[in-house]
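Novice: heads up, no residue letters with this:
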């Protein structure tokens, strides 16, 4: 197959840009001795579904299959490759077990590696079709990672059920569902024919993990005393995000009746409203208790899960067919207003991330000066 000269040139430009961005981020990690957190791939997940889901649904194929989509995708791929480098470095430095494996609950965060790789495989396949072979290889490698991850999670669930750690259960457990359904989406995007039995099995595994994870989370908040402004986790929004990605997986595989998928959407909407009401309540109480700066304008990698879940619900809503008048009215409101909420959250989180990176660099620079015997007043 002959590839047009213009396509070859543009592909080369994107490859060069990808390399420059990836190397720059890797050098920043190395120079400042930074090891990313286990759930850091949530950034890749969020940016991926915003680009390939929400923005594509709102602005259309023409807008985001052009230069804008490719630039955003290239940036996301550079984050993914640099994060993989950082994770690899923990193995060489002997820190992998300490940072990513030792704590049974934190172990669930490895699910972001699976889901992040899935979205990157889809991005490569759709935005850069000439790299299709890369997507195919990623699919098989990611399926292997997913299998290992589920084994780790089964062990973690066993530990939770026999220890007091279950009192710290939160939405991170639901990454078992998110990662499983991401494999469904990746495989059905890359390959034309996936056996029905495989799709049904994966979907069922995802739903089963959702029931188990939701049980632990709900039990925690029902049986334990807790304060919403400090004990409610950012990751709890995955309670509705996991339903949304399951709904999208059902639409993609076409293994369920349209009425059942509508029921799943109603469930996602109901949980979305419930969880986000708690989030608003938490927001108000945190501002009252800590003020705006310390209450909400602080960076935490788990905040990206909110953007991921919002964009996932928006994408699910854009794909579903609804005939009931009231539900159709709600769908139109969500699609009209939701995109601007997602973009607002994305911009705010990006600014907080930039501030966090800048502060990290300042601390690292101060530490190096101290090690060299030079100190500066703060």
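Specialist: Looks like it came in fine. Keep in mind the model is a prediction, meaning the values are calculated, not measured.

Novice: any chance you could map the helices in the stretch 51-200 of the chain?
Specialist: With DSSP state H, counting those that start in this stretch as the definition, the stretch 51-200 of the chain shows helices at residue ranges 56-59, 61-64, 67-92, 96, 111-127, 132-161, 175-190, 196-223.

Novice: How about residue 245, nearest residue that isn't a chain neighbour?
Specialist: Nearest non-adjacent residue to residue 245, counting by Cβ to Cβ, 6 or more residues apart in numbering: residue 181, 4.6 Å away. (C-beta placed from N, C-alpha, C; glycine too.)

Novice: Skip the chain neighbours and tell me the closest residue to residue 260.
Specialist: residue 250 (7.5 Å).

Novice: roughly how far apart are the one you found and residue 222?
Specialist: Distance of residue 250 to residue 222, given as Cβ to Cβ, to the nearest Å: 29 Å.

Novice: Over to residue 182?
Specialist: 29 Å.

Novice: So which of those two has more stuff around it?
Specialist: Set side by side, residue 182 and residue 222 give different neighbour counts by other Cβ atoms under 10 Å, the larger being at residue 182 (30 against 8).

Novice: got the contact list for the more buried one?
Specialist: By Cβ atoms under 8 Å, 6 or more residues apart in numbering, the contact set of residue 182 is 114, 115, 118, 119, 245.

Novice: right, and out of these, which lies closest to residue 165?
Specialist: The shortest separation between residue 165 and any of the contacts of residue 182 is 22.3 Å, and it belongs to residue 114 (by Cβ to Cβ).

Novice: so what's that closest one closest to, chain neighbours aside?
Specialist: Nearest residue to residue 114, sequence neighbours excluded (Cβ to Cβ, 6+ apart): residue 179, at 3.8 Å.

Novice: Residue 311 is nearest to which of the helices of the stretch 51-200 of the chain?
Specialist: When these are compared for distance to residue 311 using Cβ to Cβ, the nearest one is helix 56-59, at 9.5 Å.

Novice: Point to the helix or strand of the protein where mean pLDDT is at its lowest.
Specialist: The helix or strand of the chain with the lowest confidence, counting by mean pLDDT, DSSP states H and E, is helix 61-64 at a mean of 70.

Novice: What's the biggest helix in the chain, counting residues?
Specialist: Of all the segments of type helix in the chain, defined by DSSP state H, the longest one is helix 325-371.

Novice: same for that helix, what does it pack against?
Specialist: Counting by 3 or more Cβ pairs under 8 Å, 6 or more residues apart in numbering; DSSP states H and E, the packing neighbours recorded for helix 325-371 are helix 5-31, helix 42-49, helix 56-59, helix 258-295, helix 304-319.

Novice: And those: which comes nearest residue 190?
Specialist: helix 42-49 (15.0 Å).

Novice: can you count the residues close to residue 52?
Specialist: Residue 52: 24 surrounding residues under other Cβ under 10 Å.

Novice: pLDDT below threshold where in the stretch 1-150 of the chain?
Specialist: When residues are selected by pLDDT under 70, those of the stretch 1-150 of the chain lie in 1-7, 63-66.

Novice: neighbours around residue 267, how many?
Specialist: Going by other Cβ under 10 Å, the residues that sit close to residue 267 add up to 15.

Novice: Tell me who's in contact with it.
Specialist: For residue 267, counting by Cβ under 8 Å, 6+ apart, the contacting residues are residue 243.

Novice: for residue 249, helix, strand, or coil?
Specialist: Using DSSP: H, G, I helix; E, B strand; the rest coil, the structure places residue 249 in helix.

Novice: Tell me the confidence at it?
Specialist: pLDDT, the model's per-residue confidence, is 97 for residue 249.

Novice: That one touches residue 183, doesn't it?
Specialist: No - between residue 249 and residue 183 no contact is recorded; they are 9.1 Å apart, counting by Cβ atoms under 8 Å.
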